[in-house]
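**Student:** What follows is a predicted structure for the sequence shown.
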Amino acid sequence: LVSCTKRTKTPKSELAVCRYVLLLAELEAHQDAWPFLRPVKLKSVPGYKKIIKKPMDFFTIKEKLINNMYLNQENFVIDVNLVFDNCQKFNEDDSEIGRAGHRMKRFFDKRWTELLH
Ligand SMILES: Oc1ccc2c(c1)N[C@H](O)CC2
């Protein structure tokens, strides 16, 4: 993984990786992150495997980031939004996890925009 603290001039893509690492750390530290930290246990949640075609979670995103699997920033945002879209699909808006998902999405959208400028 690139060194995010080095004060040398780094290529654009390495700066992008630093932005993702920072943003992912903020998502994981958020008080409403608990439903999204690890993969959903497909064997213990009836219906999830059938309903949610592409499960995603913050830990899986971090692994992909560390293994340099995000070739462009779009794929990183696509996976983060997949976490929230899956949440909206499986949970009622008016539920504990549904509300946590909406709050996390609002937080991500705000920070993503702030980090771009
Ligand atoms: O009642 C439940 C029980 C388990 C889960 C949810 C709700 N929603 C999560 O999105 C997936 C896991």
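**Tutor:** Alright, I've got the coordinates.

**Student:** how about the residues of the chain near the ligand?
**Tutor:** Counting by CB under 6 Å from any ligand atom, the chain comes close to the ligand at 35, 40, 45, 48, 87, 90, 91, 97. No exception for glycine: its C-beta is placed from N, CA and C like everyone else's.

**Student:** Can you tell me which of those has the most neighbours?
**Tutor:** When neighbours are counted by other CB atoms under 10 Å, residue 87 leads these with 23 neighbours.

**Student:** Quick one: residues contacting it.
**Tutor:** 35, 36, 97, 98, 100, 101 (CB atoms under 8 Å, 6 or more residues apart in numbering).

**Student:** Quick check: closest non-adjacent residue to the residue nearest in space to the middle of the chain.
**Tutor:** By CA atoms, centre = their mean, the chain has its centre lying nearest to residue 80, at 3.4 Å. Spatially, and ignoring its direct neighbours in sequence, residue 80 is nearest to residue 108 (5.9 Å; CB to CB, 6 or more residues apart in numbering).

**Student:** mean confidence score for the helix or strand where the one you found lies?
**Tutor:** According to DSSP states H and E, residue 108 maps onto helix 96-116. Per-region confidence: helix 96-116 scores 96 on mean pLDDT.
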